[in-house]
Structures are given as structure tokens and as C-alpha cells.
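[1] I would like the atomic coordinates for the input below:
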Amino acid sequence: MTNRPALLGGMLLAVLGSLCPFLWFVLTSFKSQIQVEAIPPTWWPDGSLAFYTSALVEHRLFHYVRNSVVVAGATTIIVLAVATPAAYALARLRLPGKAWILGGLLCVAMFPPIVMAGPVWQILERLGGLNTHWGLVLPYVSLSLPLAVWILTVFFQELPFELEEAARIDGCTTWQTLSKVLLPLATPGLFTAAILTFIYAWNEFFFALLILTNPDQQTLPVGIALFQGEFTMPWGEIAAASVVATLPLIIVVLLFQRGIINGLSAGAVKG
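    Alright, predicted model coming up:
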């Protein structure tokens, strides 16, 4: 009990330290150009929306947002469609080498993106996938699948096998058992996998920069990174665009943090 104030103080400092860069960008986004260039810096903004207007109109911020929604949404849908039956098979069916399959997925998740950059670029060049959204979705799906399969496998393992046996006695096929009995119970796991996949695809920068060189196809992280002018760096517009890109994710995580934590910690206290 005596260490509780110190622990709470340390947690508060850690949270404030993590939020400081984002809070500074939020304040900067509402400043005027004079305030941004002021030395020493001014802390409190005058409430100007000029940077938001410039980011949305001159730098086509909504265009990049739309591209990111398309790429992240398609990635999430495909990952869930592939990971759900795969996780069900690994968790509920008698398959040889299941441990090796899960270990292989974990190894794939650990690959640094730079190692796969050359092969991915060459494959997409031959397939005609460069400067296309589907060409970006393919590597995103490959990199997001391992985590989604692991999360859903743990959820399916937690469900009672008696439910599956009862469904088969009632005449349900394997697919009907999965879709009508197990999937509704695994909704927290599906939601967790979907949120984490969407956040990854929304924030990913390396492959988006490598594959999408056409400004009309670029996603939000790349679009913001290329805001710079010929002789100056428009920090105000970058701050405004960063707030627009980050705030929706923060709201989603705060609203559904309990489900995400439950999904990540499922199976941790099994037995």
C-alpha cells in the first residue's frame, strides 16, 4: 500500500510522456503561421482553422483518407475471411503439425518488412500491382494474417467442445457449426482481430511508400509525409493532418479498449 502513490505517479508520468507529442501536434494544428514560427514558441493557440483548411483543400487530405479507408477496409475483410476458417481448423480439427503451423505463422510475423521489400516489389511488378490499391492490400494481408490467426485460434480453443458436438448431433455440417454456433460466441475475438488489422493497415508506411508512387493512389501516412514544400516544411498542415489521421483511431481504441484487452489476453489464465 505504501508504494501505491509512487506507482500511480509513475503511471501518470508515463501516460503524459506518451501523450505529449500528440498534444503538441493538436495545439500546433490550431495555431497561426506566426505562432508556429515564433521563437520562443507559444504554448496556447489562437484557435485558427487555417491549417485544417489548407490540409483539406490544398493538400487533398480527404483524398488520402479515402484511399486509406479503402485499403484498410479491404485488408480487414480479407484477413477475417481467411483467418476465421484457418483458426477454426487449427483449434478444433485434428490436423497433423498444428504446432508447426502456428510456429511458422509466428516466424512470418517476425520478418522485418525491409527483408521482404525486394521480392514483394518484383512480384507486384510482374502482376501489374504497382500503384494499385490491391497491390498494397496483398502484402498487408500477408503480414496481418499471423496475428489474426493466433487471436482467433485462442478464442476457438476457449469455446466448449460440447457445443460443437451438440450441433453435429442436430445434423449441422462443419461449416454450419462454425457459422451458426461458434462465430457468434467468438465475436470478441473477431472484433479484436479486425481492429488490430485495420489499425496496422491504416498506419503502415513502408510498403505504402514502396508500392504507391502515384499521388492519386497514395494512402494517408505517405500523403502526409509528402506535404513538404520546395523550401519549407508546412508543420501546421502536417499537424492538422496528423490529428485527422490519429483521432479516429484513438476514439475507437478508447471506446472498445475492454474488448481489445480481452481479446489479447484470452487464454492467458486457461486451466
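[2] any idea how far stretch 82-96 is from the chain center?
    Offset of stretch 82-96 from its chain centre (Cα atoms, centre = their mean, to the nearest Å): 24 Å.
[3] Any chance you could list what contacts that stretch?
    Contact with stretch 82-96 is made by 98, 101-102, 141, 145, 148-157, 161, 164, 178, 182-183, 190, 193, as judged by Cβ atoms under 8 Å, 6 or more residues apart in numbering. Every C-beta, even on glycine, is put in place using the N, C-alpha and C of the backbone.
[4] So which of the residues you listed are in helices?
    98, 101-102, 141, 145, 148-157, 161, 164, 183, 190, 193 (DSSP state H).
[5] Mark which of the residues you listed are buried, thanks.
    Neighbour counting by 16 or more other Cβ atoms under 10 Å classes 101-102, 141, 145, 148-156, 164, 183, 190, 193 among the ones in helices among the contacts of stretch 82-96 as buried.
[6] Would you mind giving both backbone torsions of Gly97?
    Note on Gly97: backbone dihedrals following degrees, to the nearest 10 are phi 70, psi 30.
[7] sorry, that was for Pro215
    phi -60, psi -30.
[8] How many neighbouring residues does it have?
    14 (other Cβ atoms under 10 Å).
[9] go on, Val57?
    Val57: 10 neighbours (other Cβ under 10 Å).
[10] try Tyr200
    With other Cβ under 10 Å as criterion, Tyr200 counts 18.
[11] Could you look up the SS state of the residue nearest the centre of the chain?
    By Cα atoms, centre = their mean, the chain has its centre lying nearest to Ile199, at 1.6 Å. Look at Ile199: counting by DSSP: H, G, I helix; E, B strand; the rest coil, its state is helix.
[12] I'd guessed it sits against Leu249; true?
    Yes - counting by Cβ atoms under 8 Å, Ile199 does reach Leu249; the two are 5.9 Å apart.
[13] need the contact list for Ala193.
    Val79, Leu80, Ala83, Leu147, Ala148, Ile151, Leu152, Gly263.
[14] from the residues you listed, which two are the most distant?
    Val79 and Gly263 (14.3 Å; Cβ to Cβ).
[15] okay, the two: which has more neighbours?
    Neighbours were counted for Val79 and for Gly263 using other Cβ under 10 Å; Val79 has more, 27 against 23.
[16] Buried residues in the helix or strand containing the more buried one, which are they?
    Taking DSSP states H and E as the definition, Val79 sits inside helix 61-92. Neighbour counts over helix 61-92 (16+ other Cβ under 10 Å) mark 61, 63-65, 67-68, 70-72, 74-76, 78-80, 83-84, 86-92 as buried.
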